[in-house]
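1. just to be clear, the model below is a prediction. Sequence and coordinates:
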There are 2 protein chains.
Amino acid sequence: MSFTTSEENYIKRIYHLQQETGLVNTNSLAAEMHTRAASVTDMLKKLKGKKLLQYEKYKGFKLNDAGKKAALDVIRKHRLWEYFLVEHLKFDWDKVHPIAEELEHISSEELVLRLDNFLGNPLFDPHGDPIPDKNGKIAVVKQQNLLQVPLKKNLSVSSVTNQTAQMLDMLRHYHISLGTQLMVLKQFEFDGSLEIKVIKQNACIISEQVAKNVFVYDVQEK
Amino acid sequence: MSFTTSEENYIKRIYHLQQETGLVNTNSLAAEMHTRAASVTDMLKKLKGKKLLQYEKYKGFKLNDAGKKAALDVIRKHRLWEYFLVEHLKFDWDKVHPIAEELEHISSEELVLRLDNFLGNPLFDPHGDPIPDKNGKIAVVKQQNLLQVPLKKNLSVSSVTNQTAQMLDMLRHYHISLGTQLMVLKQFEFDGSLEIKVIKQNACIISEQVAKNVFVYDVQEK
DNA sequence: TTATATTTTTAGATTTGTCTAAATTATATT
DNA sequence: AATATAATTTAGACAAATCTAAAAATATAA
């Protein structure tokens, strides 16, 4: 089954709304889509016709399993492209969303698979949101910042908050980027700074301020 | 000025046709676009309205300078994406066209610039077609295969014909891919095989059969 | 040069996704 | 429970891109 760009955008929005509220109603979807309630009703009929939606007139609606899978496919593509834009094309993380909104509608399944492999099958996008796998499964790995994590455990960098130019410059210097494997060796009581070991690099020291903005997950769990 | 996907597809086709025939006529464009002459006429009016086209009813048509620039922007994007798909996602070169047909319509100018830099500002796509720069300029560098090229000259691999799995496997072994810099050191009279030196690699020997399928251009000229 | 064939354009219909305005259903209030 | 208000759907229209069928312009051939 394939979908138009417009259908995919509706499906994706419905998915996000129903994560919060269970049943979704016409007006809130219209607001999210920056469109009118009448347009939403038209699309709901179409999606119900394609058997993606549980929908009774005037009663609210939600995606069924097929609809959820369709949504997760789009979300997966969106987040993989965001990862590519930030990690390889060096976009600022706050600039990538509108571009990923276009790229997520490119249809080739093989493209997505190869992109995923090229990126190293990341579990999180640069904003820290989880990337569904090709079956729609979302990893149940929790992210922690470097201050919350046990010593000498193999970890993988999943996302970085406070993405200022200064911060990114510093991380680049330490060879730390998304997917980088590292471990925390020691925390100094004096100032809270950490000694960390980046895989294939010498050990180095980062401040507590940096540490609390770097999020990682346990490589084993993957 | 921005264009719809459909407009861009027409503009691109007209460009290619007028490269061959000067003036383009309605029926041949309809055939290329797999559509009907009536649809072409409709679009011609639209493109003339946007001042991209020289067009007199019943007299044929061609792109003006603005139209050519628009076409070259689309062609540039198409070929950069093809390069990415082959060189980084390891697609077979004969599978990438339909995917690039979608990717070429992603609108972000910054994306194209960054993609171009990420790829190393290639002059040719994997089929050997030249990639226009952001001003629409096409390099006037000629490609030659390794048998046609002078000894000890710095060269850059621009394209590879006969892209069989076996051939690609062999090139991978020698660390030769698009953009690789190399020079030919010697040709052996006995069997025509070449000794070549890939930058940052030891010298190695390739057969004449391989050599005639590897195309390069002079790095100085770039 | 007149008739015939080909090419191109026009006229009008169709599909998708949108809109406004009006009608319908559900919810809240007194 | 009756009425007012809010949410939702229907009806009908519009723009973009396509189509078919018919008309108009151009090219070709006897």
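-> The structure has been received and is ready for your questions.
2. A:I131 reaches A:P122, doesn't it?
-> Yes: contact criterion Cβ atoms under 8 Å: A:I131 and A:P122 qualify, at 5.9 Å. The way it works is simple: take the backbone N, C-alpha and C, and place the C-beta from them, glycine included.
3. anything in contact with each of the two?
-> A:L80, A:Y83 (Cβ atoms under 8 Å, 6 or more residues apart in numbering or on different chains).
4. which SS class is A:K59?
-> coil (DSSP: H, G, I helix; E, B strand; the rest coil).
5. hang on, A:T5 packs against A:H105?
-> Yes: counting by Cβ under 8 Å, A:T5 does reach A:H105; the two are 4.6 Å apart.
6. who has more neighbours out of the two?
-> A:H105 (19 against 14; other Cβ atoms under 10 Å in any protein chain shown).
7. list the buried residues of the longest helix anywhere in chain A.
-> When chain A is scanned for its longest helix (criterion: DSSP state H), the result is helix A:65-87. Within helix A:65-87, the residues that qualify as buried by neighbour count (16 or more other Cβ atoms under 10 Å in any protein chain shown) are A:67-87.
8. which residues of chain A lie near chain B?
-> A:85, A:88-91, A:95, A:98-99, A:102-103, A:106-108, A:110-111, A:114-115, A:118 (Cβ under 8 Å from any Cβ of the partner chain).
9. can you rerun that using 10 Å?
-> Contacts of chain A with chain B, taken as Cβ under 10 Å from any Cβ of the partner chain, map to A:5, A:81, A:84-85, A:88-91, A:95-96, A:98-99, A:102-103, A:105-108, A:110-111, A:113-115, A:117-118.
10. among those, which lie within helices?
-> In this view, those that belong to helices under DSSP H are A:5, A:81, A:84-85, A:98-99, A:102-103, A:110-111, A:113-115, A:117-118.
11. the residues you listed also near DNA strand C: which ones?
-> Counting by Cβ under 7 Å from any atom of the strand, A:T5 from these sit close to DNA strand C.
12. which one of the ones in helices among the residues of chain A next to chain B is nearest DNA strand D?
-> Distances from DNA strand D to these, taken as Cβ to the nearest atom of the strand, are shortest for A:T5 (12.9 Å).
13. contacting residues for that closest one?
-> By Cβ atoms under 10 Å, 6 or more residues apart in numbering or on different chains, the contact set of A:T5 is A:V74, A:E101, A:E102, A:E104, A:H105, A:S107, B:T5.
14. cutoff 8 Å now
-> A:H105.
15. do you know how far the residue of chain A positioned farthest from its centre is from B:E32?
-> Distance from the C-alpha centroid of chain A peaks at A:F190, with 35.7 Å (Cα atoms, centre = their mean). Distance of A:F190 to B:E32, given as Cβ to Cβ, to the nearest Å: 72 Å.
16. could you do A:L155 as well?
-> Going from A:L155 to B:E32 by Cβ to Cβ gives 54 Å.
17. which of the two has more neighbours?
-> Comparing A:L155 with B:E32 by other Cβ under 10 Å, the one with more neighbours is A:L155, at 24 against 17.
18. show me what contacts the residue nearest to that one when sequence neighbours are not counted?
-> In space, and not counting its chain neighbours, A:L155 is closest to A:V216: 3.9 Å by Cβ to Cβ, 6 or more residues apart in numbering or on different chains. By Cβ under 8 Å, 6+ apart, A:V216 lies in contact with A:Q143, A:Q144, A:N145, A:L146, A:V149, A:L155, A:S156, A:V157, A:S158, A:L182.
19. name the SS class of A:K62, please.
-> strand.
20. burial count for A:L23?
-> 11.
21. contacting residues around the closest residue to it other than its chain neighbours?
-> Nearest residue to A:L23, sequence neighbours excluded (Cβ to Cβ, 6+ apart): A:G60, at 3.9 Å. Listed by Cβ under 8 Å, 6+ apart, the contact partners of A:G60 are A:L23, A:V24, A:N25.
22. again with A:E101
-> By Cβ under 8 Å, 6+ apart, the contact list for A:E101 reads A:H78.
23. before we move on, the earlier item: and the strand or helix carrying the residue nearest to A:L155, which strands flank it?
-> A:V216 belongs to strand A:214-218 when elements are defined using DSSP states H and E. Sheet pairing of strand A:214-218 (DSSP bridges) gives strand A:144-145 (antiparallel), strand A:155-160 (antiparallel).
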